[in-house]
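# No letters, just coordinates:
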């Protein structure tokens, strides 16, 4: 499944649509500790987190995540939304908990 196909499912709200929506999603990855995510998030993952800030975007870029999904109603502030657009990072959001969000992505990848 590509990032665009995930967007087209309309199960997540769009915050920022990045430059590489044709990119394949390899797996969901859940982590809220940025230092752990930086070292362990697999390239191409759909990173599910509640950490909605500029540092999350930096880690997503470093880890080469396909997209970020903010769970549990987390949001980016206005500066972070602008930065995501500038860096071409796809950021989606949901009110659902982290586990259910990752599970939904996993099911779609089957």
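Nice, I can see it. Everything quoted here is computed from the prediction, not taken from an experiment.
# which residue is nearest the centroid of this protein?
For the chain, the residue sitting closest to the mean C-alpha position, by CA atoms, centre = their mean, is residue 68 at 1.0 Å.
# Tell me which helix or strand that residue sits in.
Secondary-structure assignment from DSSP states H and E places residue 68 in strand 67-70.
# same thing with residue 48?
Assigned by DSSP H and E, residue 48 belongs to strand 46-49.
# The next helix or strand after that strand packs against which elements?
As assigned by DSSP H and E, the chain's next helix or strand after strand 46-49 is helix 54-63. Applying 3 or more CB pairs under 8 Å, 6 or more residues apart in numbering; DSSP states H and E, one finds that helix 54-63 contacts helix 34-40, strand 46-49, strand 67-70, helix 78-87. Glycine gets a C-beta too; all of them are placed from N, C-alpha and C.
# what angle do helix 54-63 and helix 78-87 make?
Note on geometry: by axes from the mean of the first three to the mean of the last three CA atoms, to 10 degrees, helix 54-63 and helix 78-87 are set 20 degrees apart in direction.
# Centre of the chain to helix 54-63, how far?
In terms of CA atoms, centre = their mean, to the nearest Å, the gap separating the centre of helix 54-63 from the centre of its chain is 10 Å.
# again with stretch 75-84
With CA atoms, centre = their mean as the basis, stretch 75-84 stands 13 Å off its chain's centre.
# i'd like the first residue to be 8 from this point on
With the count now opening at 8, the last piece we talked about shows up as stretch 82-91.
# what's it in contact with?
With CB atoms under 8 Å, 6 or more residues apart in numbering as the test, stretch 82-91 has contacts from 22, 23, 25, 59, 60, 61, 63, 64, 77, 97, 98, 100.
# give me that answer again for 6 Å
22, 23, 59, 60, 61, 64, 98 (CB atoms under 6 Å, 6 or more residues apart in numbering).
# For the nearest residue to the first one once chain neighbours are set aside, give the beta-bridge partners.
Residue nearest to residue 22 in three dimensions, not counting chain neighbours: residue 98, with 4.2 Å by CB to CB, 6 or more residues apart in numbering. When assigned by DSSP bridges, residue 98 has beta-bridge partners residue 23, residue 75.
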